[in-house]
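Chemist: make a model of this:
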Amino acid sequence: MGVFEKLSQRRARMQKKRILEKKKLSAHDEKKILSRKLTWHYVLLGLLFFVTTFYLLLTSLQPVQYQLRAGQIAPENIISPRMIIDTHTTDNLRREAAEEINSVYRTDSAVFNEVKNDIEKFFEKLYQVKEEKETLREQLNQMEDNHLGIAEVHLQVFLQVSEERLNSVENYLYEIIAQRMNSGIKVAELQEEKSEIRDFFNSLTELDEPLKESAIAVINATIRPNQFMDVESTEQLREEAREAVTPVVIRRGDILAEQGERISVDTFVIMKELGLIESEFRPDARLYSGISSVILLIMAIMTGYIWLFHPEYFYKTKRILLLVIIMLLVLISAKPIGILTIYLIPIATGAMLLTLLLEARLALIANAVLSILIAIMAGNDLMILVMGLTGGTVAVLSMINTKQRGKIFFSGLMVGISNVIIITSFGLIGNHQTLHVLQDAGMGLFNGILCAILAIGTLPFWEYSFSILTSVKLIELSNPSHPLLKQLLMEAPGTYHHSIVVGNLAEAAVNEIGGDGLLVRVGAFYHDIGKVKRPYFFKENQFTSENPHDKLAPSLSALIITGHVKDGIEIGEKNKLPDEILAFIKEHHGTTLAAYFYHKAQSECEDPKTIDEMMYRYPGPIPQTRETAILMLADSAEAAVRSLESPNRDKIEQVIKKIIQSKLEDGQLEDSQLTLTELKDIRQVFAQMLAGIMHERIKYPEMDIKELKGRK
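Modeler: Below you'll find the model as predicted:
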């Protein structure tokens with residue numbers, strides 16, 4: 001046994017050992033370990049997004065603080081960072097409103113009756129004493145203890161006056177008491193009422209002065225307030241007046257103190273409440289909780305979307321990391337750019353990159369999130385929200401199926417036009433000055449171009465750093481001037497031609513069943529790149545009748561043939577080919593058997609059972625996607641049909657059917673997710689295209705050169 005045979009067997013034993021070691025870990029354990037690892041990754045990514053976004057929103061919404069005191073001069077226009085109620089002014093207005101409410105009084109009718117009874121009792125006793133024929137002194141002695149406490153001088157006047165005139169005075173008293181007390185007399189108005197009654201009696205001509213003074217004395221002794229304040233009703237009306245006062249609101253953006261203005265005590269109190277005074281800073285729990293709620297809600301929505309529509313991303317940490325980094329970079333850039341002008345914030349850049357690098361629907365969701373967050377950072381600006389949503393949507397729609405970088409610039413131009421329309425519309429609605437609207441619209445147009453420049457400029461970085469294969473990158477890889485393809489053409493022309501044919505076959509089949517045709521075509525171009533290491537050991541590159549395998553042992557030939565997969569991976573990794581393209585190199589043969597050399601080894605061996613089949617199989621793995629599986633079928637079909645003599649449609653169909661059946665029986669398509677219906681469609685596409693490629697050519701008769709020249 002030669003050295004190469006020993007190496008081959010050793011390689012086979014090591015491969016078997018690796019397979020056994022992998023099987024020791026159950027699928028459940030592997031999944032558990034992977035899940036635990038990914039959980040920590042996503043916890044860290046979530047913290048990164050939350051903390052960064054929280055800081056950006058907080059620094060944008062938290063007010064600038066000043067080292068000021070009441071009475072100092074405002075160094076600049078001090079603006080209210082949020083809405084607040086001016087409690088001091090509101091309280092003053094409510095107090096004034098309550099003071100304007102007159103007290104509610106109620107009249108006590110019993111007081112009038114008491115006063116009237118007092119007068120009646122006085123005059124009854126007076127009439128009684130007067131009827132007694134006694135001396136004046138005796139009459140005065142009897143009236144001295146009168147309940148009204150009328151002085152003797154006035155009693156003497158009443159006792160000496162005629163009964164007729166006394167009746168007249170009594171009637172006047174009843175009339176005045178009734179008139180005055182029916183309209184109500186307040187405590188504060190009692191003296192005023194007495195004065196007015198005095199004036200009334202003084203105006204009477206039919207009474208002499210002593211009688212007037214005596215009547216006034218009776219009035220002063222009896223009349224009293226009969227109207228008292230209703231405290232409960234009054235307070236209720238005043239409370240209603242206070243509640244009717246609209247609170248004085250200082251809105252976001254209102255100027256609290258203009259530059260150069262002296263700060264009043266009231267303004268200073270408001271500034272303290274708003275957290276604008278540095279020494280009076282207090283953590284704003286409401287602001288913190290509001291920001292946290294918005295960020296957590298956004299994270300929940302995005303996580304739910306990815307979980308429902310792209311669950312495979314949870315096993316691709318790089319994809320989620322890419323999403324988070326692009327979104328954070330757009331948010332971070334919004335901070336300094338927004339200081340200059342909000343119209344230059346490149347929101348659509350995120351939508352463009354995510355459409356190219358990940359997926360269009362996810363880009364729409366991310367763009368909506370970015371628009372909302374940046375609008376909040378800009379002070380809940382409605383226009384930047386609408387501009388971000390519209391521009392990002394236009395960017396995504398115009399970027400779908402982009403295969404050339406020039407189309408990215410076109411997409412940026414469309415975003416710019418969208419921005420111009422939005423800015424102009426808001427300007428017309430708000431009746432803004434025409435010059436300002438035109439300036440802002442120009443900024444919006446430049447914004448779209450800036451977004452395209454940023455997307456084009458950074459796209460290679462994202463593709464390389466995160467191993468992302470975009471349509472643009474695929475177009476570049478398919479260019480015949482690519483160094484690897486040029487090397488393949490120069491060193492292994494037969495393989496190059498074979499790869500082109502296989503690429504066209506596979507692309508047509510993938511397009512038929514609804515896959516990524518461009519990806520499989522580019523994968524086909526590179527799938528046999530490993531053959532450039534030993535090109536003449538492969539049939540398509542042998543242009544003479546000499547075959548180097550005739551001089552080698554079957555095991556060594558199998559090692560060389562199957563080794564082109566390993567060589568291709570090494571060359572691909574060295575030249576930075578994306579993982580998706582490397583998958584075509586790894587999987588295009590799966591674990592199929594190099595049957596020719598295996599059977600040759602058996603025929604040359606005395607005991608065929610001693611030949612280890614694993615030594616003659618490709619390293620694998622078997623195809624994991626529909627695209628790599630179709631490439632495997634196209635590769636085998638093209639090689640088999642090319643070896644046919646006088647191929648026709650029936651022969652080609654039979655060969656293709658046999659190849660597909662053999663791959664199924666060998667288990668090569670188990671992980672590819674191809675259905676039997678799709679395999680039938682693939683077979684028909686292969687047969688149609690290969691029949692066109694391998695059609696029988698017309699044999700022209702040989703002609704004499706001289707004869708041809710003569711015909712000229």
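Chemist: buried ones in the one helix or strand Ile453 maps to?
Modeler: Using DSSP states H and E, Ile453 sits within helix 434-465. Buried residues in helix 434-465, counted by 16 or more other CB atoms under 10 Å: 437, 440-441, 443-445, 447-448, 450-452, 454-456, 458-459, 462-463. C-beta coordinates here come from the backbone N, C-alpha and C atoms, glycine included.
Chemist: I'd like the next helix or strand past it.
Modeler: Next along from helix 434-465, by DSSP H and E: helix 471-477.
Chemist: separation between the closest residue to Ile500 other than its chain neighbours and Phe543?
Modeler: Excluding its sequence neighbours, the residue lying closest to Ile500 (CB to CB, 6 or more residues apart in numbering) is Phe525, at 7.2 Å. In this view, Phe525 and Phe543 are 22 Å apart by CB to CB, to the nearest Å.
Chemist: kindly report the same for Ala524.
Modeler: In terms of CB to CB, Ala524 sits 23 Å off from Phe543.
Chemist: neighbour count winner among these two?
Modeler: Comparing Ala524 with Phe543 by other CB atoms under 10 Å, the one with more neighbours is Ala524, at 29 against 9.
Chemist: the more buried one reaches Gly503, doesn't it?
Modeler: Yes. With contact defined as CB atoms under 8 Å, Ala524 reaches Gly503; the gap is 3.4 Å.
Chemist: what comes into contact with stretch 626-638?
Modeler: Here stretch 626-638 makes contact (CB atoms under 8 Å, 6 or more residues apart in numbering) with 498, 501-502, 505-506, 509-510, 513, 515-516, 519-520, 523-524, 527, 583-584, 587-590, 623, 655-656, 659-660, 663, 668-669, 672-674, 678, 682, 686, 690.
Chemist: quick one: mean pLDDT for the helix or strand harbouring Thr495?
Modeler: Element membership for Thr495, per DSSP H and E: helix 493-513. On average, the pLDDT along helix 493-513 is 92.
Chemist: for that helix, buried residues please.
Modeler: Buried-residue list, helix 493-513, by 16+ other CB under 10 Å: 494-496, 498-510, 513.
Chemist: same thing with stretch 416-425?
Modeler: 416, 418-424.
Chemist: next, the angle from whatever helix or strand comes next after the helix holding Thr495 to helix 493-513.
Modeler: Proceeding N to C from helix 493-513, the next assigned helix or strand is helix 517-526, under DSSP H and E. For helix 517-526 against helix 493-513, the angle by axes from the mean of the first three to the mean of the last three CA atoms, to 10 degrees is 160 degrees.
Chemist: just want the angle from whichever helix or strand comes after helix 517-526 to helix 493-513.
Modeler: For helix 517-526, the succeeding helix or strand toward the C-terminus, using DSSP H and E, is helix 554-574. Put simply, helix 554-574 runs at 70 degrees to helix 493-513, going by the same axes, to 10 degrees.
Chemist: ok now helix 554-574, how far from the chain's centre?
Modeler: Centroid separation between helix 554-574 and its chain, computed with CA atoms, centre = their mean, to the nearest Å, is 49 Å.
Chemist: which residues touch it?
Modeler: 2, 4-5, 7-9, 11, 484, 526-534, 537-538, 549, 552, 581-582, 585-586, 588-589, 594, 597-598, 600-601, 604, 615-619.
Chemist: now do the buried residues in that helix.
Modeler: Quick answer for helix 554-574 (16+ other CB under 10 Å): 554-565, 567-569, 571-572.
Chemist: just want the most central residue of the chain.
Modeler: Val369 (2.2 Å; CA atoms, centre = their mean).
Chemist: just the element for that residue, please.
Modeler: helix 360-377.
Chemist: tell me how far the helix or strand encompassing Leu353 lies from the chain's centre.
Modeler: Using DSSP H and E, Leu353 sits within helix 347-357. Chain-centre distance of helix 347-357: 15 Å, with CA atoms, centre = their mean.
Chemist: check which helices and strands that helix sits against.
Modeler: With contacts taken as 3 or more CB pairs under 8 Å, 6 or more residues apart in numbering; DSSP states H and E, helix 347-357 sits against helix 317-340, helix 360-377, helix 382-399, helix 405-429, helix 434-465.
Chemist: quick one: buried residues of the strand or helix carrying Leu631?
Modeler: Element membership of Leu631, judged by DSSP H and E, is helix 626-642. By neighbour count with 16+ other CB under 10 Å, helix 626-642 contains the buried residues 626-638, 640-641.
Chemist: again, but for stretch 378-389
Modeler: 378, 381, 383-389.
Chemist: with those residues in mind, which one is nearest to His432?
Modeler: Met383 (10.9 Å; CB to CB).
Chemist: please list all residues in contact with Ile384.
Modeler: 342, 345, 371, 374-375, 378.
Chemist: most widely separated two among those residues?
Modeler: Going by CB to CB, the pair spanning the contacts of Ile384 furthest: Ile342 and Ser371, at 11.9 Å.
Chemist: and these two? which has more neighbours close in?
Modeler: Ser371 (25 against 22).
Chemist: which residues does the more buried one contact?
Modeler: Counted by CB under 8 Å, 6+ apart, Ser371 has contacts 347, 384-385, 387-389, 392.
Chemist: closest one of those to Ile101?
Modeler: Leu385 (46.6 Å).
Chemist: correct me if wrong: the closest one contacts Leu373.
Modeler: No. Contact criterion CB under 8 Å: Leu385 and Leu373 do not qualify, at 9.9 Å.
Chemist: output the below-cut-off pLDDT ranges for the stretch 301-450 of the chain.
Modeler: Along the stretch 301-450 of the chain, segments meeting pLDDT under 70 span 403.
Chemist: do you know the pLDDT at Tyr598?
Modeler: Value for Tyr598, per-residue pLDDT: 79.
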